[in-house]
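*Asks:* everything below, folded, please.
(chains A and B)
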Amino acid sequence: MEIPYIYKARPDTGLYNAKVGIWLFLASEIMLFGALFSAYILLRVSAPVGFWPETALAWPRGLLNIPIGTFNTAVLITSSVTVVMAWASLQMNKFSHFRVYMVITVLCAFAFLGIKSFEYNDKFSHYVVQLKSGKAVTGHIEVNGKHPRFWNFSDQWSLARLTTESVKEISITVDPERDKHGHVKSHSNHAHENKTIATDDIQFLGSYTPATHPFFAVYFLITALHGLHVLGGALVLAYFAFPGAKMWKDNPQQFINRIEVGGLFWHFVDLVWIFLFPVVYLL
Amino acid sequence: MSLKSFHLVFIIASVALMAFLSAWNFLNYRESQIVSDLTWSFASGVAVVGLIIYGRFFLRKLKNISYL
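*Replies:* Residues are numbered from 1 along each chain as shown, chains lettered A, B, ... in the order given. Reported below is the predicted structural model:
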């Protein structure tokens, strides 16, 4: 028995099977990301003042690089334009244009992930150090002459680990003082100052990672989940651009439908970022 | 909803984001008087105009394709 409406639209709904399937899938994705956004908002509004030591704010602000985030937003918007142009090219029977647009889309996806990994790396070597005197400093640390790196979890340091491994002191490149928008304050020294801090003077030490603050927990969870979606989408679109493109000769309508379904997923992923960027970076 | 319709939703959301970013940067500029904030505000405003022009071009280019 042949399965109906694999590539032809059902006359009463105007939809083919895969389009119904992708929208059901996207509905479940909306619930997933919606729950995470809700978690972020609830954690933020219920955070006690002074939870973040440096600024005495309830919630840390100005810790993410807004120009980088804006650039990544532009990259994803561009990728959405190119994926829809790839689909439109097939509709107009221009296969070579389709492939060019698809390759640009995949390149944009990997550019996004590359920039994101750069941001992640920075966070894993960026620490907040609260001193027993009550003061707190933030900056990039070096322990035994080495910077912690995000691909090596054993590189992460805590006060307990410093004590266990008998590390007497750490050096830190202190961040310049910033306002709530992330600008270096006018009276602050723009040059990064290097300091050495004795382990005995430290009350708390934590990197800009999930264990330190709920902000980073939610930030890494949502952005990493989003990043996995970007990676998955990019791999599928790359497959359509090259090995999967053989279908264009045998069944062009089904191939166009596949690109549309892939494009719908890609647009969803980009739309999540359109909401994520202002919520996490700006507000 | 077809990719055409979803793309229009996406472009509208992008326009809203860029308009918000422009206003956010402008408010920061008024507070901080830092020129880079004003530059970002202007760049975001240009992006709003660019996206609206693109949206109109897109609608013309795909006028024969269904919204469903």
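*Asks:* who's in contact with residue 25?
*Replies:* Picking chain A for this. A:Phe25 makes contacts with A:Phe265, as judged by Cβ atoms under 8 Å, 6 or more residues apart in numbering or on different chains. (C-beta placed from N, C-alpha, C; glycine too.)
*Asks:* I was after chain B.
*Replies:* Contacts of B:Asn25 (Cβ under 8 Å, 6+ apart): B:37-38, B:40-41, B:44.
*Asks:* filter those residues down to the ones close to chain A.
*Replies:* Contacts with chain A within those, counted by Cβ under 8 Å from any Cβ of the partner chain: B:37, B:40.
*Asks:* can you pull the phi/psi pair for residue 10?
*Replies:* Here I'm looking at chain A. A:Arg10 adopts backbone torsions of phi -70, psi 130, taken as degrees, to the nearest 10.
*Asks:* skipping its backbone neighbours, what lies nearest it in space?
*Replies:* Distances taken as Cβ to Cβ, 6 or more residues apart in numbering or on different chains put A:Tyr16 closest to A:Arg10, at 7.0 Å, once the chain neighbours are dropped.
*Asks:* repeat for A:Val106
*Replies:* Nearest non-adjacent residue to A:Val106, counting by Cβ to Cβ, 6+ apart: A:Ala238, 4.8 Å away.
*Asks:* what of A:Val81?
*Replies:* In space, and not counting its chain neighbours, A:Val81 is closest to B:Tyr54: 7.0 Å by Cβ to Cβ, 6+ apart.
*Asks:* for A:Lys195, give its distance to A:Ala224.
*Replies:* Going from A:Lys195 to A:Ala224 by Cβ to Cβ, to the nearest Å gives 31 Å.
*Asks:* also A:Trp248?
*Replies:* 34 Å.
*Asks:* looking at those two, which is more packed in?
*Replies:* The residue with more neighbours, out of A:Trp248 and A:Ala224, is A:Trp248; 19 against 13, by other Cβ atoms under 10 Å in any protein chain shown.
*Asks:* so that one touches A:Phe95, yeah?
*Replies:* Yes: the pair A:Trp248 / A:Phe95 is scored as a contact, 6.0 Å apart, by Cβ atoms under 8 Å.
*Asks:* ok, the spatially most central residue of chain B - contacts?
*Replies:* In chain B, the residue lying closest to the centroid (Cα atoms, centre = their mean) is B:Val15, at 2.4 Å. Contact analysis of B:Val15 by Cβ under 8 Å, 6+ apart lists B:48, B:51-52, B:55.
*Asks:* restricted to buried residues, select those in ChimeraX.
*Replies:* The ChimeraX selection below is limited to those of the contacts of B:Val15 classed as buried (16 or more other Cβ atoms under 10 Å in any protein chain shown):
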select /B:48,51,55
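*Asks:* all helices of the stretch 151-283 of chain A, in order?
*Replies:* A:159-164, A:214-241, A:247-250, A:252-276 (DSSP state H, counting those that start in this stretch).
*Asks:* residue 43: helix or strand, and which one exactly?
*Replies:* I'll assume chain A. In this assignment (DSSP states H and E), A:Leu43 forms part of helix A:17-45.
*Asks:* try again with chain B
*Replies:* Using DSSP H and E, B:Ala43 falls in helix B:35-61.
*Asks:* ok now that helix, how far from the chain's centre?
*Replies:* Chain-centre distance of helix B:35-61: 5 Å, with Cα atoms, centre = their mean, to the nearest Å.
*Asks:* same thing with stretch A:273-283?
*Replies:* Chain-centre distance of stretch A:273-283: 11 Å, with Cα atoms, centre = their mean.
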